[in-house]
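Chemist: Sequence plus predicted model, see below.
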Amino acid sequence: MGWCSPSGPRQVAATACVFIAGAALFATGAHLSYVNVEPQRARTIARDNLLREHLRKKYGYGEKK
């Protein structure tokens with residue numbers, strides 16, 4: 001694919017619109033990912049603690065001997 005040298009104003013405008021739309025989608029995805037980090041961490045820690053408690057009760061893991 002080559003460079004079309006004399007780009008018309010409509011092509012430049014269309015390219016700019018598509019670029020701005022892509023940047024907006026990327027920014028929205030990054031924002032939503034950042035916003036959802038803490039709830040995901042909280043769920044992971046809760047699940048980890050539940051599993052540790054289950055293993056401790058079932059097999060005695062974590063008990064000092």
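Modeler: On my side now, so go ahead. Fair warning: this is a prediction, and the values are worked out from it, not measured in the lab. Numbers count the residues shown, from 1 in each chain.

Chemist: Would you mind measuring from residue 14 to residue 33?
Modeler: In this view, residue 14 and residue 33 are 29 Å apart by Cβ to Cβ, to the nearest Å. All C-beta spots, glycine's among them, are computed from the backbone N, C-alpha and C.

Chemist: before we move on, what about residue 39?
Modeler: On the measure of Cβ to Cβ, residue 39 and residue 33 end up 12 Å apart.

Chemist: Can you report how many residues neighbour residue 23?
Modeler: Counted with other Cβ atoms under 10 Å, residues neighbouring residue 23 total 10.

Chemist: Point me to the helix or strand that includes it.
Modeler: Assigned by DSSP states H and E, residue 23 belongs to helix 9-35.

Chemist: what's the offset of that helix from the middle of its chain?
Modeler: When C-alpha coordinates are averaged (Cα atoms, centre = their mean, to the nearest Å), helix 9-35 and its chain have centres 17 Å apart.

Chemist: Would you tell me what the next helix or strand after it is?
Modeler: On the C-terminal side of helix 9-35, the closest following helix or strand by DSSP H and E is helix 37-59.
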